[in-house]
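Engineer: Fold the following and give me the result.
(chains A and B)
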Protein chains: 2
Amino acid sequence: MKKLLNDPNQLVSDFLDGFTAVHTSQLKRLPNSNVVVRKQPKTDKVGVISGGGSGHEPAHAGYVGHGMLDAAVCGEVFTSPGADQFLAAIEAANQGKGVLLVIKNYNGDRMNAEMAMEMAEAQGIQTEMVVVNDDVAVADPAQRRGIAGTVLVHKIAGACAETGASLTKVKEVAEKAISRIRSMSVALTPCSLPGVDQPSFALAEDEMEVGIGIHGERGMYREKVAPSQEIAKLLVSKVAAELPGSDPLAVLINGMGSTPLVEQYSFARDVLAELDKQSYKIHATYVGDYMTSLDMAGISLTLFVVDDELAPYLQAEARTVQWQS
Amino acid sequence: MKKLLNDPNQLVSDFLDGFTAVHTSQLKRLPNSNVVVRKQPKTDKVGVISGGGSGHEPAHAGYVGHGMLDAAVCGEVFTSPGADQFLAAIEAANQGKGVLLVIKNYNGDRMNAEMAMEMAEAQGIQTEMVVVNDDVAVADPAQRRGIAGTVLVHKIAGACAETGASLTKVKEVAEKAISRIRSMSVALTPCSLPGVDQPSFALAEDEMEVGIGIHGERGMYREKVAPSQEIAKLLVSKVAAELPGSDPLAVLINGMGSTPLVEQYSFARDVLAELDKQSYKIHATYVGDYMTSLDMAGISLTLFVVDDELAPYLQAEARTVQWQS
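Structural biologist: Now for the predicted structure:
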């Protein structure tokens, strides 16, 4: 598959060089690593870091900055970063108040993050981890993957940390957010990995894949492509069925990579109409490419039950490449 | 080709409903039109409007707001809006100091905009037009198309208008910017239009199209896909050859729709290295989807020779959906 790149094995490194060169006033790359950190770290706060495989840009490097992350660890495409990379990020993010790791629920990410935490604790750095598992396409909650809703956890945990809260408090708030964030996705096309000749799966011209993850894997089932209004109804019903509580909702509609904004906002109209029909109150709506899967065409819907404690964190100032509020 | 939509003929209207619903605190849709305006218009300034066919999102509606546009006219996909739509935007944007139209160099857009200007003048509204023709892929300057560089004209003209400058002055500054902005694009894949079964052209798996526009049209020529570094070298040499002057450059690297950010920033690295090799000074760099062509995979490079008069307009505060500075 055609790509705009030099050596597929150098793509992530080339990306990091470009990303930190373009945003040089805000960000830098740690030497000899695939870790992006703030150029002017804020002291006297808990560090919040995230990461995982690349190919999800703007996640996670696009969320490093005031009000969100202190560091992002960027593995190879769809591949967990090693424990040494997580450790470098923990060390950089630690300002003496400890570090929270926001990890998506994948075995590789969890294992490497946990190893890094043990190494950091051995150095006397306090660490905690929260695991995001927002994807309701998977029935068993323990097996649920972390997808686009992870970005909302970055926002909440980052804003809480920015207030000077303790590691215990930041972790507690992040876990509260995680328990209220649910997502599900559909794809119209698979994605194609750099250096690989075949797309990640095959879909007929009249089919869509329902319940996909963000790593080009097959979904739960496939069916005939439906109009936007029906896809909106499907995702709203699946996601809303798993929501706790009845506070107002934050809605995140996330393009998977090659879904044009003209389609994303048209879909947003259909989602908002469906939620209105079901009498949900809307706290905020976000639309765009927040957590992609390379060049996949598709969309995910995330619903987040916001309460009076969480709303100010969601609204708080953030100055990152992707999220500015 | 599969799309996330309901009726292809309703896509632009559905987009506008979704876009203005999601950004309801900042923007609204004029009744019975495809025009997006600021919700809180600023008085005592020249109005700046733009528009053209849809399918280029976030252009143009994503640039409506403080510091950039007062209104965006959204035609059907790749189709000029009618004169009545331009007129509605002019009327909405007029605060008594006149209105500048920023139009891309396409016959349909120019003709309809000119008709609207005549109708507005008959109502006593002063209007002026500037025509953006940044695409150096076309040899004859009179035939050059307006592509991604148009967004920089929005930024400059919008910032100048925000200072309270006269219509004559805003037009003069916009024309100065236009004379210093040059662009060129390559595509790895064509795009596909809503409701149309075929892609806009055919490209072999090992080919790229050089010198494409933003409407799915064929480029100037095609050749074997090259590594990112060679494409960077090609575009830098073609664009730089047409630049006037030697002031520092603003660089805009624009994804055509389905080019992942991981590739865009990797390409940015190669462009910046090439410019550095040629001893250009860089004033600012922007990377992302600014002016797309639906789901086309490809990239455009825009170089803008900035001087001491224009630099403050480029840096001035803007609060729009896509451009926040």
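
Engineer: For the rest of this, base every contact and every neighbour count on C-alpha atoms.
Structural biologist: Noted.

Engineer: Would you mind pulling up the elements that the helix or strand hosting A:Leu100 packs against?
Structural biologist: Assigning secondary structure by DSSP states H and E places A:Leu100 in strand A:99-104. When contacts are defined as 3 or more Cα pairs under 8 Å, 6 or more residues apart in numbering or on different chains; DSSP states H and E, strand A:99-104 packs onto strand A:47-54, helix A:107-122, strand A:127-132, helix A:150-162, helix A:167-178.

Engineer: avg pLDDT for that strand?
Structural biologist: Per-region confidence: strand A:99-104 scores 98 on mean pLDDT.

Engineer: Give me the residues contacting that strand.
Structural biologist: Strand A:99-104 is contacted from outside by A:46-52, A:90, A:93, A:109-110, A:113, A:125-133, A:145-147, A:150, A:153-154, A:167, A:170-171, using Cα atoms under 8 Å, 6 or more residues apart in numbering or on different chains.

Engineer: Which residues of the stretch 201-325 of chain A lie near chain B?
Structural biologist: Residues of the stretch 201-325 of chain A found near chain B (Cα under 8 Å from any Cα of the partner chain) are A:205-206, A:225, A:227-229, A:257-270, A:284-287, A:294-295, A:298, A:324.

Engineer: just the buried members of those?
Structural biologist: Using 16 or more other Cα atoms under 10 Å in any protein chain shown as the burial test, these include A:225, A:228-229, A:257-270, A:284-287, A:294-295, A:298 as buried.

Engineer: Next step: those residues restricted to helices.
Structural biologist: A:228-229, A:261-270 (DSSP state H).

Engineer: what ranges do the helices span in the stretch 201-325 of chain A?
Structural biologist: Secondary structure of the stretch 201-325 of chain A (DSSP state H, counting those that start in this stretch): helices at A:228-240, A:261-277, A:311-315.

Engineer: can I get those helices in a markdown table with distance to B:Gly75 and mean pLDDT?
Structural biologist: Compiled in a markdown table, the helices of the stretch 201-325 of chain A are given as follows (distance: least, Cα to Cα, whole Å; pLDDT from 0 to 100):
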| stretch | distance to B:Gly75 | mean pLDDT |
| --- | --- | --- |
| helix A:228-240 | 21 | 98 |
| helix A:261-277 | 12 | 98 |
| helix A:311-315 | 34 | 98 |
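
Engineer: Throw those into CSV and include distance to B:Asp197, thanks.
Structural biologist: Output for those, formatted as CSV (distance: least, Cα to Cα, whole Å):
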stretch, distance to B:Asp197
helix A:228-240, 18
helix A:261-277, 17
helix A:311-315, 42
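
Engineer: what about those helices, which gets the closest to B:Leu243?
Structural biologist: When these are compared by Cα to Cα, helix A:261-277 sits nearest B:Leu243, at 31.8 Å.

Engineer: what distance separates that closest one from the centre of its chain?
Structural biologist: Relative to the chain's own centre, helix A:261-277 is displaced by 21 Å; criterion: Cα atoms, centre = their mean, to the nearest Å.

Engineer: CA-only coordinates of it, as PDB, when you get a sec.
Structural biologist: Output of helix A:261-277 as PDB, limited to C-alpha atoms (Å, rounded to 0.1, in the frame of the first residue of the first chain):
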ATOM      1  CA  LEU A 261     -15.100  16.100   8.300                       C
ATOM      2  CA  VAL A 262     -18.100  16.700   6.100                       C
ATOM      3  CA  GLU A 263     -19.200  13.100   7.000                       C
ATOM      4  CA  GLN A 264     -18.100  13.300  10.600                       C
ATOM      5  CA  TYR A 265     -20.300  16.400  11.300                       C
ATOM      6  CA  SER A 266     -23.200  15.000   9.300                       C
ATOM      7  CA  PHE A 267     -22.900  11.900  11.600                       C
ATOM      8  CA  ALA A 268     -22.700  14.200  14.600                       C
ATOM      9  CA  ARG A 269     -26.100  15.700  13.600                       C
ATOM     10  CA  ASP A 270     -27.600  12.300  13.500                       C
ATOM     11  CA  VAL A 271     -26.100  11.300  16.900                       C
ATOM     12  CA  LEU A 272     -27.300  14.500  18.500                       C
ATOM     13  CA  ALA A 273     -30.800  14.000  17.100                       C
ATOM     14  CA  GLU A 274     -30.900  10.500  18.400                       C
ATOM     15  CA  LEU A 275     -29.700  11.500  21.900                       C
ATOM     16  CA  ASP A 276     -32.300  14.300  21.900                       C
ATOM     17  CA  LYS A 277     -35.000  11.800  21.000                       C
END
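
Engineer: got the domain boundaries for chain A?
Structural biologist: The record's domain split for chain A, according to automatic domain parsing, is A:21-180, A:181-312.

Engineer: B:Tyr280 is nearest to which of these?
Structural biologist: domain A:21-180 (15.2 Å).

Engineer: Could you work out the end-to-end span of that closest one for me?
Structural biologist: Distance between the two ends of domain A:21-180: 37 Å, counting by Cα to Cα, to the nearest Å.

Engineer: where does the stretch 51-200 of chain A come near chain B, residue by residue?
Structural biologist: A:55, A:57-58, A:188.

Engineer: Between all of those residues, which two are separated the most?
Structural biologist: A:Pro58 and A:Leu188 (20.7 Å).

Engineer: ok, back up a step: now the strand holding A:Leu100 against helix A:167-178, angle please.
Structural biologist: Angle between the axes of strand A:99-104 and helix A:167-178 is 20 degrees (criterion: axes from the mean of the first three to the mean of the last three Cα atoms, to 10 degrees).

Engineer: I appreciate the help and will end here.
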